[in-house]
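Student: task: produce atomic coordinates for the following.
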Amino acid sequence: MAGDQGLYGDDGIMSVVSRHDLETRVTSLLKGADISAPIEEIIPMQAGGNNRTYCIETANARYAVKHYFQHGGDRRDRLHSEYAFLNYAEHAEIAAVPRPLAQNPHTGMALYEYIAGEAIQRGEVGQAEVDAAIAFFLALNEPAVRQEAEKLPAASEAAFSLQEHLGHIEHRTDQLQQIEARDEVDHEGVAFIQSIVMFWNHYRGRILEEVHRMGWLIDQPLAVDQRCISPSDFGFHNAIRMPRGEIRFIDFEYAGWDDPAKS
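Tutor: A predicted model of the protein is given here:
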């Protein structure tokens with residue numbers, strides 16, 4: 001649909017959606033999930049980055065709706081990545097994540113199971129929490145279910161060769177060097193960035209020397225069976241402790257296939 005920006009303007013910034021329009025779009029998502037209960041309340045939840053998330057209350061249950069941000073200069077499809085990942089997790093019978101219920105790529109919105117609980121705070125992470133995270137990652141990569149993940153996209157900034165890993169770092173250092181110094185603080189920042197760039201250039205040379213010495217191919221891709229399914233941006237900042245103590249993980253906009261070395 002050429003020229004149709006959906007809920008986004010030309011610069012990718014979310015436009016303001018009226019209560020009526022929001023309710024119409026949420027109702028459509030509910031129907032897509034065969035949920036006929038009328039909406040009683042739409043409650044904005046804590047913002048996650050540039051996304052907007054809502055708790056949808058009906059007479060029978062609560063649901064979560066996520067409205068994904070899309071910037072004109074960033075073509076990553078966050079909705080597709082998260083929804084596909086959660087579909088895979090559901091097929092793999094992994095209960096540690098919300099169930100995906102419906103999506104509308106045109107409006108950039110998706111409907112999910114609502115996870116009731118509390119955010120895990122600093123100082124609350126112990127062995128049980130770490131064990132839950134490990135179990136989740138292992139379940140995602142269980143050999144018996146990995147064949148279901150063939151259609152998952154690559155994770156955000158995935159790298160499957162040493163050349164790609166180095167390229168990501170080069171891109172980031174190049175971006176840092178675009179900062180213009182306008183005051184004393186900026187000049188201090190630029191000086192710090194230059195020290196990082198010098199450090200990186202030195203070690204990049206050493207890495208390439210070692211690669212040559214070992215006889216490796218810098219552009220040799222990692223074999224598919226050595227790759228992993230990565231939740232990406234994974235940690236307890238994206239985890240919820242449910243009332244009975246179970247840990248649930250959320251926010252998988254950048255998930256997909258990746259190199260285990262960076263997962």
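Student: leaving out chain neighbours, which residue sits closest to residue 220?
Tutor: Leaving out its chain neighbours, the residue that sits closest to residue 220 by C-beta to C-beta, 6 or more residues apart in numbering is residue 161, at 5.9 Å. Where C-beta positions appear, they are placed from N, C-alpha and C, glycine not excepted.
Student: so that neighbour touches residue 222, yeah?
Tutor: Yes. Residue 161 is within contact range of residue 222, at 6.7 Å (criterion: C-beta atoms under 8 Å).
Student: tell me the contacts of the residue nearest to residue 220?
Tutor: Counting by C-beta atoms under 8 Å, 6 or more residues apart in numbering, residue 161 touches 218-222.
Student: go with 10 Å
Tutor: 167, 216-222, 259 (C-beta atoms under 10 Å, 6 or more residues apart in numbering).
Student: what does residue 149 give?
Tutor: 84-85, 87-89, 91-92, 140-141, 227-229, 256-257.
Student: show the buried residues in the residues you listed.
Tutor: 84-85, 87-89, 92, 140-141, 227-229, 256-257 (16 or more other C-beta atoms under 10 Å).
Student: turn those into TSV, columns for distance to residue 74 and secondary structure.
Tutor: Shown next, in TSV, are the buried ones among the contacts of residue 149 (distance: C-beta to C-beta, whole Å; DSSP: H, G, I helix; E, B strand; the rest coil):
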residue	distance to residue 74	secondary structure
84	18	helix
85	18	helix
87	23	helix
88	23	helix
89	25	helix
92	29	coil
140	25	helix
141	28	coil
227	24	coil
228	24	strand
229	23	strand
256	16	strand
257	19	strand
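Student: in the one helix or strand residue 167 maps to, what's buried?
Tutor: Assigned by DSSP states H and E, residue 167 falls within helix 162-176. The neighbour-count check on helix 162-176 (16+ other C-beta under 10 Å) flags 162, 164-166, 173 as buried.
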